[in-house]
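A.B. asks: pasting the sequence and the predicted coordinates here, then a few questions.
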Amino acid sequence: MTTTEGARRVAVVGAGILGASIAWRLARRGVRVVLVDKGGAGHGASSHSFAWINAGGKEPIGYHNLNRRSMEMWPRFAAAVGDCGDPDSVGLRWGGKVSWESNTAAAKALADRVRLLQSWGYPTRLIDACELKRLEPALDVGDVTAAEYSPNEGQVEPQMVVDACLRRLRELGCDVLEYTEVTGFEQSDDGRVHVLGTSSGDLEADVVVAAAGAGTTHIAALAGVSVPQARSPGVVVRTNPLPRLLGNVPVVYAPALDPARPEIHMRQCADGRMMIGEGDQESLAEDDTQAHADELLERACRYLPGLAGARAVPVPVGWRPMPLDGYPAMGFASEAPNLYVAITHSGVTLTPVLSQLAAQEVCDRTPADAVLGPYRPQRFDGITLDEVASAPNPRMAKLR
């Protein structure tokens, strides 16, 4: 293992799936790593993620291809970080995703989407109700106007990935400081960070990686770096552990029952619990009451009768990392040249590729501009707080 002289000591702030994975990749390069998190490792956005590995809803094609590249890295990544090289130890499961629509307009949009993805070479296809039922016999699909199957998609358990990364880090002699808050930075005249102040004491570092999910904006601001985010709350519910209900296809998107009750998505976790959400992945939801959880479970039961008798467990609203334009922000900051920003939505899908590229850029100082060029944090230079507040949809945010 080799590394550059300039990255002997790295402090990674944020022990979610991306931060923990970056820390592990750096440690494998021989870097002395300390991983810091203000809470428990994996207890932030990673614990609320639907954890669906896909590139189907990712545009434009360059971003789609970045996600697809990362999807293809998942088996190797899981085997490398998992216990005894076993990808099952992080809950990685393939089998694809099905979705369908009963509304004519929604069905046309689904069909158009499938054709676009096919033109990009993505393995997805339209199927009929009979094939949908054959693929996942446990479903009661009702009326089907259009349906699709994306066989290369899958799921993973973020907490299991984080826990595996922490085990590998400790095996490599690295420190993990949970429930430790970052209080500030000592910086030289050129903005370079040389001391990271924490509630557990000061840490010297040659490089600091800010990978704290939704908290990255605050961490970066302590060093004078602007990483604006859009407001992105999300709600999922879980059930008590159940026998395996989805036998073939791990991820299911089912249509809205009526205009007041949006579409739902569901998957079964490695421990048998079902995870259920509503709307698409850009939905902004804050209702984490028991009543709402019960209503989501009732909707899911309509499509998956095996859920009858399950108990809904509400999860407190989670704040998802969401750079202002909805795309990753990766790279060294101008104002603090040894502060590396690492924040993204779709962190579960993108962790293998982004953690690899971040570790490479930190250790080798060779910019991966051909891949990460569109996602540098410098694109947010000049964004004002008023512009952040007026961006209701991260995909529609206007950048200078």
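C.D. replies: Thanks, I have it.
A.B. asks: which helix runs longest in the protein?
C.D. replies: helix 61-81 (DSSP state H).
A.B. asks: what is the following helix or strand past that one packed up against?
C.D. replies: Helices and strands here follow DSSP states H and E; after helix 61-81, the next one along the chain is strand 93-94. Here strand 93-94 touches strand 154-155, going by 3 or more Cβ pairs under 8 Å, 6 or more residues apart in numbering; DSSP states H and E. From N, CA and C alone the C-beta is placed, and that goes for glycine too.
A.B. asks: adjacent strands (with direction) for the strand it packs on?
C.D. replies: Applying DSSP bridges to the sheet, strand 154-155 is found paired with strand 52-53 (antiparallel), strand 93-94 (antiparallel).
A.B. asks: for the most centrally placed residue in the chain, give me the pLDDT.
C.D. replies: Geometric centre of the chain, nearest residue: Gly347, 2.3 Å, by Cα atoms, centre = their mean. pLDDT for Gly347: 95.
A.B. asks: please enumerate the helices of the protein.
C.D. replies: Ranges of helices in the chain, per DSSP H, are 17-28, 61-81, 104-119, 129-135, 158-171, 216-222, 290-303, 347-364, 369-372, 385-389.
A.B. asks: mean neighbour count, the ones you listed: which tops it?
C.D. replies: A comparison of the helices of the chain by mean neighbour count, using mean count of other Cβ atoms under 10 Å, puts helix 17-28 on top with a mean of 28.
A.B. asks: right, so of the strands paired with strand 154-155, which gets closest to Ala368?
C.D. replies: Ranking the strands paired with strand 154-155 by proximity to Ala368 (Cβ to Cβ) places strand 52-53 first, at 21.6 Å.
A.B. asks: elements contacting the longest helix of the chain?
C.D. replies: Counting by 3+ Cβ pairs under 8 Å, 6+ apart, helix 61-81 packs on helix 17-28, helix 158-171, helix 347-364.
A.B. asks: so which of the ones you listed is nearest Thr104?
C.D. replies: Closest to Thr104 of these is helix 347-364 (Cβ to Cβ; 30.7 Å).
A.B. asks: what sits against Val13?
C.D. replies: By Cβ atoms under 8 Å, 6 or more residues apart in numbering, the contact list for Val13 reads Gly19, Val36, Asp37, Val182, Leu196, Val208, Val209, Ala210, Ala211, Ala212, Ile219.
A.B. asks: and the residues you listed, which of them are in strands?
C.D. replies: Cross-referencing those against strands under DSSP state E gives Val36, Val182, Leu196, Val208, Val209, Ala210.
A.B. asks: just the C-alphas of the longest helix of the chain, formatted as PDB.
C.D. replies: Taking C-alpha atoms only, helix 61-81 is exported to PDB below (Å, rounded to 0.1, in the frame of the first residue of the first chain):
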ATOM      1  CA  ILE A  61     -27.000  10.700 -19.500                       C
ATOM      2  CA  GLY A  62     -23.600  11.600 -17.900                       C
ATOM      3  CA  TYR A  63     -25.100  11.400 -14.500                       C
ATOM      4  CA  HIS A  64     -27.000   8.200 -15.500                       C
ATOM      5  CA  ASN A  65     -23.700   6.700 -16.600                       C
ATOM      6  CA  LEU A  66     -22.000   7.600 -13.400                       C
ATOM      7  CA  ASN A  67     -24.700   5.800 -11.400                       C
ATOM      8  CA  ARG A  68     -24.500   2.800 -13.800                       C
ATOM      9  CA  ARG A  69     -20.700   2.600 -13.400                       C
ATOM     10  CA  SER A  70     -21.200   2.500  -9.600                       C
ATOM     11  CA  MET A  71     -23.900  -0.200  -9.900                       C
ATOM     12  CA  GLU A  72     -21.500  -2.400 -11.700                       C
ATOM     13  CA  MET A  73     -18.900  -1.800  -8.900                       C
ATOM     14  CA  TRP A  74     -21.200  -2.900  -6.100                       C
ATOM     15  CA  PRO A  75     -20.400  -6.700  -6.200                       C
ATOM     16  CA  ARG A  76     -16.600  -6.100  -6.000                       C
ATOM     17  CA  PHE A  77     -17.000  -3.300  -3.400                       C
ATOM     18  CA  ALA A  78     -19.300  -5.500  -1.200                       C
ATOM     19  CA  ALA A  79     -17.000  -8.500  -1.400                       C
ATOM     20  CA  ALA A  80     -14.000  -6.300  -0.500                       C
ATOM     21  CA  VAL A  81     -15.600  -4.700   2.500                       C
END
